[in-house]
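> Next one to model:
(one chain, ligands or ions: 1)
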Amino acid sequence: MKAELEFKQVNLHYGPVHALKNINLVFRPHKIYGLFGRNGAGKTSLLSLIASFQKPSSGTVTLNEETLFENARLTPFVYFVYPRSFETDYHKAKRKLEILARHRVYFDMGYALDLADKFKLDLNSPVNTFSKGMAGIFQIICGLAARAPVTIFDEAYLGIDEPVRKLFYDELLDEQTRLPRTFILSTRFASEMEHLLEEIIVLSEGKVVLHDDYTSIISKGISVTGDAEIVDAITKPYEILNEERLGTGKSVAVYGEIPSETLQQARKSGLRISTLRFQDVITQLTKGEEHNETEHRR
Ligand SMILES: Nc1ncnc2c1ncn2[C@@H]1O[C@H](COP(=O)(O)OP(=O)(O)OP(=O)(O)O)[C@@H](O)[C@H]1O
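Model prediction:
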């Protein structure tokens, strides 16, 4: 099922806190989204609106043009995985999966059992005996096996060892080939997850400061190093992400579409041009106030 998720002029207030500010976003079906932003940027607030945990203060959040909030018909279409504790839950993991299967129309028990084997999780254990990492793995199994057209993982991988996280990334890609859906991954592991991501959204202080596809972001993040005057002349028209003085020269990181002729000319003038790592672009774009006024949209 194709699920188009749309935010139109969405604001969210918690009392005096304006957590989301005029959000306009379209999540296209069958794409894998990476959601980034510093602590308190509004990521969980945005995701909780998709999961219908709360109602926007103004604006609309729709799935295939139907309002999501308190819409029981749409409940099976969204599955939200977030770090949670099972401390007071004495059910065995297998039983929890059976309960989930009863409530989730797309849930695939065979797939859940395969995943438990793959991730070496004992489903006969009560979930309250799971370590933090095991609880995370259990949540991932639920999220994948629920097969909801919109599946959200909000930092669900915290506490899970790196090799197991990698297993999860591989599984997610396989699953996307088998049964495409919209995945939204909120993560601080930009470098190890970037190969999964097709679309990137960056929030800063409740606003969308970047929404672009991964490939364009990679091509737009450029570092120019060399004689300070020439570097400044070339980088001036673009958004400066970072500047570093290097003796008589300097290195400037910019975000923008610099024409290839300009870059060629710069190389001829003795400047060193290199592409920024995805992780560095994200870090610079989320680093603070100075970039918040610029919005990058396709
Ligand atoms: N229940 C709440 N009551 C009051 N303020 C809240 C509540 N939940 C979130 N906020 C505030 O809303 C803003 C956005 O918080 P949110 O949890 O969405 O950010 P986040 O990007 O998910 O942060 P983190 O990476 O730390 O989880 C913050 O200023 C936060 O303090």
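
> list the contacts for the closest residue to Gly42 other than its chain neighbours?
Ranked by C-beta to C-beta, 6 or more residues apart in numbering and with sequence neighbours excluded, the top spatial neighbour of Gly42 is Gly206, at 4.5 Å. C-beta coordinates here come from the backbone N, C-alpha and C atoms, glycine included. Contact analysis of Gly206 by C-beta atoms under 8 Å, 6 or more residues apart in numbering lists 12, 18-21, 41-42, 45.

> ok, and which of the residues you listed reach the ligand?
19, 41-42, 45 (C-beta under 6 Å from any ligand atom).

> So which of those are in helices?
Counting by DSSP state H, the part of the ones next to the ligand among the contacts of Gly206 found in helices is Ser45.

> Top of the ones next to the ligand among the contacts of Gly206 by number of neighbours, please.
Gly42 (23 neighbours; other C-beta atoms under 10 Å).

> Wait, that residue touches Leu20, no?
Yes: if you go by C-beta atoms under 8 Å, Gly42 and Leu20 touch, sitting 5.1 Å apart.

> shared neighbours, those two?
Common contacts of Gly42 and Leu20 (C-beta under 8 Å, 6+ apart): 12, 206.

> could I get the helix or strand containing Glu261 in PDB with only the CA atoms?
For Glu261, the element it lies in under DSSP states H and E is helix 260-268. Output in PDB follows, covering the C-alpha atoms of helix 260-268 (Å, rounded to 0.1, in the frame of the first residue of the first chain):
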ATOM      1  CA  SER A 260      31.800  22.700 -12.100                       C
ATOM      2  CA  GLU A 261      33.500  25.400 -14.200                       C
ATOM      3  CA  THR A 262      34.000  27.500 -11.000                       C
ATOM      4  CA  LEU A 263      35.500  24.500  -9.300                       C
ATOM      5  CA  GLN A 264      37.800  23.800 -12.200                       C
ATOM      6  CA  GLN A 265      38.900  27.400 -12.200                       C
ATOM      7  CA  ALA A 266      39.500  27.200  -8.400                       C
ATOM      8  CA  ARG A 267      41.700  24.100  -8.800                       C
ATOM      9  CA  LYS A 268      43.700  25.900 -11.500                       C
END
